[in-house]
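J.: Just to be clear, the model below is a prediction. Sequence and coordinates:
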Amino acid sequence: MGCTRLNPAYIYSKIGRSPGPWGESIVLEHSHAVAIAVEMSAEMISQAPDSAATTETAFEYFEVGKIAMILTRYINLLGYQARAHVDGNYRVMCVPIAADAGLGELGRIGLLLTPRFGPRIRLAIVTTDLPLQPDPPICFGVQHFCEICKKCATNCPSGSIEKEGKADFCGVEKWQNRQDTCYRFWRTQGTDCSICIRVCPYSHPNSVIHNLVRWFVGRNALARKLMLWADDLFYGRRPRGKHRPPDWHA
Ligand code: SF4
Ligand code: SF4
């Protein structure tokens, strides 16, 4: 979890897929936000694009949603306004708020990359008028690693992830991805895909070796090049073989 002042640029202008009349202007006068991330199981995500990855996505949206609802109610009981922004009921953009709150960095993949779980997380946001102490944003080498890695872009079946450099998008310098072609692939494939999350080197499970690698990668540009070479060697530029879904999923 992390806290930040709420940047009004990250509040949606109109109601979309959430309660309320479609297209109506959004008014949200909260000053602060709490970003919450929960880990998705590496074992389940390793099945992407099979349905186990979709199951895990839905399960963790539910888990992080519960936390957000409990926190919202708690803030209400303190006498302040609060709103939970959870799957299917957003008034704000989760990723840039979570980056402001110090949970991670925006990667080429278009998702938040966190130091411990990479993009293998689900997010929820609680906005509030409760004045909170902001956490500082963090930097652990993601911008450079994503420049040289490109594994998500190479493996994306719909070609939706930018393979080249960043571009200016509404005043923000970032890798611009195609949400429309990504979503079309989901509808064709019948699941939430998640191949890009599966192949991202930051998504590897927490182990002594992986945590040591993360420590070096966060500190040294040469280590990032070396670790990318090692990742290709051990895990392949493209995922190898097919995993068996966990027993409970069957
Ligand atoms: S979810 Fe699948 S289709 Fe969408 S960007 Fe990731 S890899 Fe590409
Ligand atoms: S797969 Fe590579 S380029 Fe894509 S988000 Fe992960 S680290 Fe960045």
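T.: Noted; the coordinates are in hand. Please read all numbers here as calculations on a predicted model, not as lab measurements. Numbering: from 1, shown residues only. Ligands and ions are numbered 1, 2, ... in the order given.
J.: How about the contacts made by the residue of the chain positioned farthest from its centre?
T.: Largest separation from the mean C-alpha position in the chain: Gly79, at 31.0 Å (C-alpha atoms, centre = their mean). Listed by C-beta atoms under 8 Å, 6 or more residues apart in numbering, Gly79 has no contact partners. Bear in mind the C-beta positions are built from the backbone N, C-alpha and C, glycine included.
J.: I'd assumed it was in a strand, is it?
T.: No: counting by DSSP: H, G, I helix; E, B strand; the rest coil, one finds Gly79 to be coil, located in no strand.
J.: Quick check: the gap between it and Val27.
T.: Note on Gly79: its distance to Val27, by C-beta to C-beta, to the nearest Å, is 21 Å.
J.: All the strands of this structure, residue numbers only.
T.: Under the criterion DSSP state E, the chain contains strands at 2-5, 32-39, 82-85, 105-106, 112-113, 121-128, 167-169, 172-174.
J.: mind checking which of those strands is nearest Gly159?
T.: strand 167-169 (16.2 Å; C-beta to C-beta).
J.: Give me the sheet partners of the closest one and which way each runs.
T.: strand 172-174 (antiparallel) (DSSP bridges).
J.: Most tightly packed of the strands of the chain?
T.: Stretch with highest mean neighbour count among the strands of the chain: strand 112-113 (a mean of 26; mean count of other C-beta atoms under 10 Å).
J.: quick one: average confidence on it?
T.: When pLDDT is averaged along strand 112-113, the result is 98.
J.: now do stretch 47-64
T.: If you average the pLDDT over stretch 47-64, you get 93.
J.: Buried residues of it, list them for me.
T.: 47-50, 52-57, 60-61, 63-64 (16 or more other C-beta atoms under 10 Å).
J.: any idea how far it is from the chain center?
T.: 13 Å (C-alpha atoms, centre = their mean, to the nearest Å).
J.: and what of stretch 105-119?
T.: For stretch 105-119, the distance to the chain centre is 6 Å (C-alpha atoms, centre = their mean).
J.: Kindly report the residues of this structure close to ligand 2.
T.: By C-beta under 6 Å from any ligand atom, the part of the chain that sits against ligand 2 consists of 107-109, 145-146, 149-152, 199-202.
J.: Kindly recompute the last result at 5 Å.
T.: Residues of the chain lying close to ligand 2 (C-beta under 5 Å from any ligand atom) are Gly107, Arg108, Ile109, Cys146, Cys149, Lys151, Cys152, Cys200.
J.: which one of those is nearest Tyr90?
T.: Once C-beta to C-beta is applied, the member of the residues of the chain next to ligand 2 that ends up nearest Tyr90 is Ile109, at 19.3 Å.
J.: what about the helices in this protein?
T.: 42-45, 51-77, 94-100, 142-149, 151-155, 179-189, 195-199, 208-217, 221-235 (DSSP state H).
J.: In TSV: those, plus distance to Ala84.
T.: Shown next, in TSV, are those (distance: least, C-beta to C-beta, whole Å):
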stretch	distance to Ala84
helix 42-45	24
helix 51-77	4
helix 94-100	12
helix 142-149	27
helix 151-155	29
helix 179-189	23
helix 195-199	24
helix 208-217	30
helix 221-235	36
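J.: Neighbours of Glu164, how many?
T.: Using other C-beta atoms under 10 Å, Glu164 has 8 other residues around it.
J.: got the contact list for the nearest residue to Arg83 once chain neighbours are set aside?
T.: Nearest non-adjacent residue to Arg83, counting by C-beta to C-beta, 6 or more residues apart in numbering: Thr127, 5.3 Å away. Going by C-beta under 8 Å, 6+ apart, Thr127 touches Leu6, Leu28, His30, His32, Ala33, Ala82, Arg83, His85, Arg91, Val92.
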